[in-house]
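Asker: show me how the following folds:
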Amino acid sequence: MTNEELIAKQAAIIERLEKQLNDTTKELKETQLIIEDQKFQMEYMRQEIAMLKSRKFDRRSEQLDKQYPNLFNYDVFNEAEDEANEINEPIDIETGEPQTVTFEVKGTKKKNLINRLDKLQEVEIIHDLTDEEKICECGTTMVKIGETVTYKIKYVPAKLIKEKHIYSTYKCEECYKADITNIVKTPYNLAFPKSMASSSLVANIITDKYAKYLPLYRQEKLFRNVGLDISRANMSNCFLAGANILKPLVDIMYEDILKNDIVHMDETTLTVIKSLSDTCYMWGLFSSKYDKPIKLYFYKDNRRHENASELLKGFKGYVISDGYEAYNKVESCINVNCWAHARRKYAEIIKAFKGNLTSSLCLEGIKYIDDLYKIEHMLEKNNASVEEIYNTRQKESKEILDKYKLWLDKNYPTVPPKTALGKAMAYSINNFDNLSNYILDGRLSLDNNLAERGMKNFVIGRKNFLFCFAENGAHMSSVAYSIVETALANNLNVFEYLTYVFDTLAKCDNNKDNLRKLVPYSNELPGYLRVK
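Answerer: Okay, here's the model as predicted:
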């Protein structure tokens, strides 16, 4: 074999070995990529399982800062769909471990039981000895030297009274002799003239269901205990009749709230048996804390963006929401998103992993949001004016927002997008402009907790009655919730208010001027309707 042949053979062997090496290297890299992907998938599933366990079994408080124990311990940080929350120990922001926080509020004195009962009617019952018992064994009449006072709370159960209404009819005898019929009847000034139910009975049914969350089947048992055998069907008819009377008031409230330039909105699911839609929704529309308290509810059989546009038709101003994209399509509106939702995504990770966080980025991210809340806390504590709030936000909050945006832009590309941390950061990035809009006006809220509170009351009721049978009942329920929740927000006794409205409307024309005097925030309502 010549040298040339030997060199060629060696070159072929080298080429074949290099090809095998390249193929092996390629397979090794592919294997490494598969291993890395499997590790990522395992870590992703571990995070998902940890967060699901936390949502299922952990308490739902989001208090994370020991310096501000009241700042993040509100139930309203949870979605309206969550169950009633329990008070939870805070989590240390450095270690992620649960910490016990104790604090005292200066300048307050705990009221004893007697002082807390000063709103109750007091009845004095004197217990004394008989004249015979006052005579001593020696025959002398004893002298009173003191007395002991104790307080007892007496419960007077509700009772039903059967009212017999007698309406007289009169005629003129002289006209009768002249074959002229002139008969006058006493007018029926009753809200429900064709029903045995009085205004107070219908008011009680609505109050018990929508303010006390008692379904009709429970009310049926309670009425039976006091001697009234009334079926759920009859109570349902009474409710529908009452809701129809209240609907014009809701229409006026709807007109009034659209005249404001700030509203809060939220929506939650509702099961309606006879609806063609699988998932129906109750939409909430609430006034800001700087306007007259109005809370409105609207039933819709879907969550399409057309509903948001329809409900806000004619409204111009700020819409504070949870970030649902439907509100971005509403014309003449500036969207303000909720920082509580952005914060919750970090808080869930911290709570799920406690002290075992694999990255400090989560703690860094939530600290920016906590700093924003601390500013709001101090403003509220100092009773700052709207102008002071606006100036402080422009000076201090805007600086934190700019730093948070830089932090997101720098760190988000380094985090796998499908992880919990990646999703938390993506939420802030995708909604950052709307999240930052709260600094545009001192009256705007940092979060949508006002709407969360309003929807939570509906959810508590929904957990008791579970569903609406037909869409008409769902619409009437939205009317009842609007009246009841607005009455509560205006410090009214709901039962007394509803009774007054029914009786008043039975005696006057239902024109707009008379109706406007009866809305829950009217200044012309009698003083006895307000909770003392």
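Asker: partners of the helix or strand hosting I320 in the sheet?
Answerer: Under the criterion of DSSP states H and E, I320 resides in strand 317-321. Using DSSP bridges, the strands paired with strand 317-321 are strand 262-270 (parallel), strand 333-337 (parallel).
Asker: do you know how far I49 is from A506?
Answerer: 60 Å (C-beta to C-beta, to the nearest Å). C-beta: built from backbone N, CA, C; applies to glycine.
Asker: and G139, by the same measure?
Answerer: G139 is 69 Å from A506, where distance means C-beta to C-beta.
Asker: so between the two, which is more surrounded?
Answerer: A506 (17 against 6; other C-beta atoms under 10 Å).
Asker: doesn't P187 make contact with that one?
Answerer: No - between A506 and P187 there is no contact under C-beta atoms under 8 Å: 9.8 Å.
Asker: what residues are up against the residue lying closest to K274 once chain neighbours are set aside?
Answerer: Once flanking residues are discounted, K274 sits nearest to A470: 4.6 Å by C-beta to C-beta, 6 or more residues apart in numbering. Contact analysis of A470 by C-beta atoms under 8 Å, 6 or more residues apart in numbering lists V272, I273, K274.
Asker: most surrounded residue in the residues you listed?
Answerer: Neighbour max across these (other C-beta under 10 Å) = V272, 23 neighbours.
Asker: show me how far stretch 268-283 is from its chain's centre.
Answerer: Its chain's average C-alpha position is 18 Å from that of stretch 268-283, according to C-alpha atoms, centre = their mean, to the nearest Å.
Asker: what's the neighbour count on the closest residue to C172 other than its chain neighbours?
Answerer: The shortest distance from C172 to any non-neighbouring residue, by C-beta to C-beta, 6+ apart, is to N182 (4.4 Å). Other residues lying near N182 total 12 when counted by other C-beta under 10 Å.
Asker: do the one 4 residues further on as well
Answerer: Around T186 sit 11 other residues, with neighbours defined as other C-beta under 10 Å.
Asker: also M253?
Answerer: M253 - counted by other C-beta under 10 Å - has 23 other residues nearby.
Asker: where do the helices sit along the stretch 101-250 of the chain?
Answerer: Secondary structure of the stretch 101-250 of the chain (DSSP state H, counting those that start in this stretch): helices at 113-116, 173-177, 199-210, 216-225, 232-258.
Asker: what's the fourth one in contact with?
Answerer: Which is helix 216-225. Against helix 216-225 from outside (C-beta under 8 Å, 6+ apart): 160, 205, 208-209, 214, 229-232, 235-236, 239, 465.
Asker: narrow the residues you listed to those that are buried.
Answerer: With burial judged by 16 or more other C-beta atoms under 10 Å, the buried subset of these is I205, D208, K209, L214, I230, M235, F239, F465.
Asker: OK, contacts around the fourth one?
Answerer: Each residue near L214 by C-beta under 8 Å, 6+ apart is listed here: D208, L222, N464.
Asker: with the third one instead?
Answerer: Applying C-beta under 8 Å, 6+ apart to K209 gives the contacts P215, L216, Q219, F239, G461, F465, A480.
Asker: nearest to Q32 among those?
Answerer: G461 (55.9 Å; C-beta to C-beta).
Asker: dump the residue contacts of the closest one.
Answerer: K209, Y210, Y213, Y481.
Asker: helix/strand/coil for it?
Answerer: Counting by DSSP: H, G, I helix; E, B strand; the rest coil, the backbone at G461 sits in helix.
Asker: can you offset everything so residue one is 21?
Answerer: With the count now opening at 21, the last piece we talked about shows up as G481.
Asker: report pLDDT for it.
Answerer: If you check G481, the pLDDT there is 86.
Asker: now stretch 55-67: mean pLDDT?
Answerer: For stretch 55-67, mean pLDDT rounds to 66.
Asker: kindly provide the distance from the residue nearest to K294 to F259.
Answerer: To F259, A490 is 13 Å away according to C-beta to C-beta.
Asker: same check on Q239?
Answerer: Shown here: Q239 relative to F259, a distance of 10 Å by C-beta to C-beta.
Asker: again with K371
Answerer: On the measure of C-beta to C-beta, K371 and F259 end up 41 Å apart.
Asker: same question for T201.
Answerer: Applying C-beta to C-beta to T201 and F259 gives a distance of 40 Å.
Asker: one more: L535?
Answerer: When L535 is compared with F259 (using C-beta to C-beta), they lie 20 Å apart.
Asker: for Q52, same thing?
Answerer: Separation of Q52 from F259 (C-beta to C-beta): 67 Å.
Asker: ok, of the contacts of A490, which one's closest to A471?
Answerer: Nearest to A471 out of the contacts of A490 is V292 (C-beta to C-beta; 21.9 Å).
Asker: wait, isn't that closest one in contact with A494?
Answerer: Yes - using C-beta under 8 Å, V292 is in contact with A494, at 5.2 Å.
Asker: show the backbone phi and psi for L332.
Answerer: Dihedral angles phi and psi of L332 (degrees, to the nearest 10) take the values phi -100, psi 20.
Asker: so what sits against both of V292 and A494?
Answerer: Residues touching both V292 and A494 by C-beta under 8 Å, 6+ apart: C300, Y319, C488.
Asker: for those residues, which one is nearest H361?
Answerer: Looking across these and measuring by C-beta to C-beta, the closest to H361 is C300, at 22.9 Å.
Asker: across the sheet, point out what pairs with the closest one.
Answerer: C300 has these beta-bridge partners by DSSP bridges: L290.
Asker: burial count for it?
Answerer: Neighbours of C300 (other C-beta under 10 Å): 20.
Asker: and if you look at S456?
Answerer: For S456, using other C-beta under 10 Å, the count is 19.
Asker: using the three-state scheme, assign it.
Answerer: helix.
Asker: for the closest residue to it other than its chain neighbours, give its distance to K415.
Answerer: Spatial nearest neighbour of S456, chain neighbours left out: L421 (5.3 Å); criterion: C-beta to C-beta, 6+ apart. Applying C-beta to C-beta, the value for L421 to K415 is 12 Å.
Asker: same check on N42?
Answerer: Noted for N42: a distance of 61 Å to K415, by C-beta to C-beta.
Asker: name the stretch among the helices of the stretch 121-270 of the chain that sits most buried.
Answerer: For these, the largest average neighbour count (mean count of other C-beta atoms under 10 Å) is found in helix 219-230, namely a mean of 23.
Asker: just the pLDDT at P437, thanks.
Answerer: Each residue has a pLDDT score; the one for P437 is 82.
Asker: on that earlier part again, pretty sure the residue nearest to C192 contacts C195?
Answerer: Yes - contact criterion C-beta under 8 Å: N202 and C195 qualify, at 4.3 Å.
Asker: now render the contacts of A490 as TSV, adding distance to R36.
Answerer: Shown next, in TSV, are the contacts of A490 (distance: C-beta to C-beta, whole Å):
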residue	distance to R36
V292	73
I293	74
K294	76
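Asker: for N355, state which of the residues you listed is nearest.
Answerer: Out of the contacts of A490, the member with the shortest distance to N355 (by C-beta to C-beta) is V292, at 28.8 Å.
Asker: for that closest one, what are its contacts?
Answerer: C300, Y319, D321, F487, C488, F489, A490, E491, A494.
Asker: distance between stretch 270-278 and the chain's centre?
Answerer: From the chain centre to the centre of stretch 270-278 is a distance of 20 Å (C-alpha atoms, centre = their mean).
Asker: averaged pLDDT, it. What do you get?
Answerer: For stretch 270-278, mean pLDDT rounds to 95.
Asker: kindly report the same for stretch 171-181.
Answerer: Average pLDDT, stretch 171-181: 80.
Asker: can you list the weak-confidence ranges in the stretch 371-520 of the chain?
Answerer: Within the stretch 371-520 of the chain, the segments meeting pLDDT under 70 span 374-379.
Asker: in which helix or strand would I find the residue nearest the centre of the chain?
Answerer: Nearest to the mean C-alpha position of the chain, counting by C-alpha atoms, centre = their mean, stands R473 at 2.3 Å. Element membership for R473 (DSSP H and E) is helix 469-485.
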